[in-house]
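Visitor: Okay, predicted coordinates and the sequence, questions at the end:
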Amino acid sequence: MASATNTLGELLTTLLDRRPFSRRPDDGRTIVELSHALLSEPTEVSGHQLAVATLGRYQELAPEEKSEFFTFLNDDLDINADAIAACARTYSMDRSSENYQALSAAAEPKRQELFRKLNQAPGATAELVAMRGELLPLLKDKPELARTDFDITHLLKSWFNRGFLVLRQITWDSPASVLEKIIAYEAVHEIRTWDDLRRRLHPADRRCFAFFHPAMPDDPLIFVEVALTKGVPDSIQNVLVDNRQPLLETEANTAVFYSISNCQAGLGGISFGNSLIKQVVQNLTAELPNLKTFVTLSPIPRLRRWLEKNVRVSAEEFEDAAHKFGAYYLLEAKKPDGLPFDPVARFHLGNGAMVHLVHPQADVSPNGISQSGGAMVNYLYDPAKIPQNIERYRLQNEVIATSQVKSLAKQVAKDLG
């Protein structure tokens with residue numbers, strides 16, 4: 001089955017490969033004029049040429065001009081609320097297919113159709129992802145642009161749904177262009193050199209898996225690095241230590257997801273991690289039935305900041321018991337909506353994991369010390385319990401944790417009075 005899946009993935013990649021190319025539009029119209037022309041163009045061939053010209057013009061815009069273009073999309077290509085209301089009234093009185101189509105057409109903003117037509121150009125999917133990446137930072141000062149972001153995100157969620165994603169294992173023999181991107185995109189534990197990357201990919205007890213999209217065949221969307229170990233590791237230093245003796249695959253009983261990195265800023269908010277972890281667990285279980293435990297070794301990125309704001313604890317007290325404060329934080333720190341304050345916890349708990357163990361001095365890098373006093377956490381993925389864990393988390397906002405973690409949190413609560 002795995003072989004058939006890989007074959008299908010390669011076939012999709014071959015058929016749908018749409019690589020970007022350098023564009024220098026020879027059309028003298030502005031991007032607004034080109035956008036209107038593209039929207040009104042009925043033929044596919046001319047629409048393709050206009051899409052190429054419009055994206056080329058966008059690439060030439062200065063940052064402030066791109067901001068103006070997003071304002072044009074937001075205001076000039078918005079929905080007509082009065083037309084929608086009229087169509088809705090008509091449809092409420094006569095629910096014919098014609099009236100339904102009229103209501104649906106009125107409810108769709110023109111910018112969505114523009115994005116679809118832009119996507120006709122070779123390499124356009126990647127460029128639209130990059131376009132959203134440039135839109136997102138503008139939302140802080142121009143929150144009204146969230147309407148445009150909603151529409152492009154709606155399309156990207158459709159274009160990047162799980163059915164189109166291809167899982168590939170990244171190995172030391174993968175193309176250099178892909179390996180370079182793994183180095184560049186690693187967001188948790190920096191890959192400093194090619195030798196460092198080789199230590200994460202080449203030994204028999206190391207794996208790396210990534211999701212790709214056929215329209216972006218050489219650019220990973222998200223990847224996870226996996227260590228095969230005996231038992232649950234208590235520090236990233238032990239996982240990434242130099243000159244260690246690799247385990248034989250058959251000696252390992254635990255798969256450790258120690259780094260998950262999203263690669264495309266323009267796909268922020270479109271979740272691939274849940275599907276990635278589930279697929280990797282399935283693949284590893286099929287390949288190595290001796291694996292019985294699946295855990296993460298995760299950072300606690302906002303621990304120190306939250307404590308400084310919400311709990312009166314000295315730096316010395318924190319450094320001496322960072323893992324205890326980490327357990328307390330993971331169980332007690334909440335957002336106004338009742339969900340965990342910690343973003344990594346929200347991700348894994350939402351996927352059905354539980355807080356398994358919290359370790360002191362688990363990441364003694366400058367970043368690890370500054371974020372969490374060196375504490376790290378294992379989230380346990382127990383396939384037999386994932387469905388009920390998800391239900392308890394979604395219905396009750398319950399942070400499911402082991403008795404060891406709860407005990408540490410209680411000690412801190414007692415000390416804090």
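Guide: Cool, got the structure.
Visitor: How far away from the center of its chain is stretch 392-410?
Guide: Centre-to-centre, stretch 392-410 and its host chain are 25 Å apart (C-alpha atoms, centre = their mean, to the nearest Å).
Visitor: Check which residues of that stretch are buried.
Guide: In terms of neighbour count (16 or more other C-beta atoms under 10 Å), stretch 392-410 has its buried residues at 392-393, 399-402, 405, 408-409. All C-beta atoms are positioned from the backbone trio N, CA, C, and that covers glycine.
Visitor: same deal with stretch 281-301?
Guide: Taking 16+ other C-beta under 10 Å as the basis for neighbour counts, the residues of stretch 281-301 that come out buried are 281, 283-284, 288, 291, 293-301.
Visitor: avg pLDDT for the lengthiest helix in the chain?
Guide: The helix that spans the most residues within the chain, counting by DSSP state H, is helix 44-60. Helix 44-60 shows an average pLDDT of 92 in the prediction.
Visitor: And the next helix or strand past that helix?
Guide: Stepping forward along the backbone from helix 44-60, the first helix or strand reached (DSSP states H and E) is helix 63-75.
Visitor: For that next one, which helices and strands make contact with it?
Guide: Packed against helix 63-75 by the contact rule (3 or more C-beta pairs under 8 Å, 6 or more residues apart in numbering; DSSP states H and E) you find helix 31-40, helix 110-118, helix 146-159.
Visitor: Give the next helix or strand downstream of that helix.
Guide: helix 81-93.
Visitor: what sits against the residue nearest in space to the middle of the chain?
Guide: To find the centre residue of the chain, average its C-alpha atoms and take the closest one (C-alpha atoms, centre = their mean): that gives residue 262, at 4.4 Å. Neighbour list for residue 262: 185, 187, 221-222, 268, 272-273 [criterion: C-beta atoms under 8 Å, 6 or more residues apart in numbering].
Visitor: which of the residues you listed are buried?
Guide: Buried residues within the contacts of residue 262, counting neighbours by 16+ other C-beta under 10 Å: 185, 221-222, 272-273.
Visitor: returning to that earlier point: quick check: phi and psi at the residue nearest to the centre of the chain.
Guide: Listed backbone geometry of residue 262 is phi -80, psi 140, with angles given as degrees, to the nearest 10.
Visitor: hmm, back to that, how about the helices and strands packed on helix 63-75, which one is nearest residue 93?
Guide: The minimum distance between residue 93 and those falls on helix 110-118, with 26.6 Å, by C-beta to C-beta.
Visitor: Check what contacts whatever helix or strand comes next after that closest one and list those residues.
Guide: On the C-terminal side of helix 110-118, the closest following helix or strand by DSSP H and E is helix 124-135. Identification of contacts with helix 124-135 by C-beta under 8 Å, 6+ apart yields 18, 20, 51, 55, 58-59, 66, 70, 115, 118-119, 121, 145, 148-149, 152-153, 155-156, 159, 213, 215-216, 219, 264-268.
Visitor: Among those, the buried ones, what's the ChimeraX command?
Guide: The following ChimeraX command selects only the buried members of the contacts of helix 124-135, with burial defined by 16+ other C-beta under 10 Å:
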select :18,20,51,55,58,66,70,115,118,119,121,145,148,149,152,153,155,156,159,213,215,216,219,264,266,267
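Visitor: what's near enough to touch the closest residue to residue 155 other than its chain neighbours?
Guide: Across the structure, with C-beta to C-beta, 6 or more residues apart in numbering as the measure, the residue nearest residue 155 apart from its sequence neighbours is residue 115 (5.4 Å). Residue 115 makes contact with 128, 151-152, 155, according to C-beta under 8 Å, 6+ apart.
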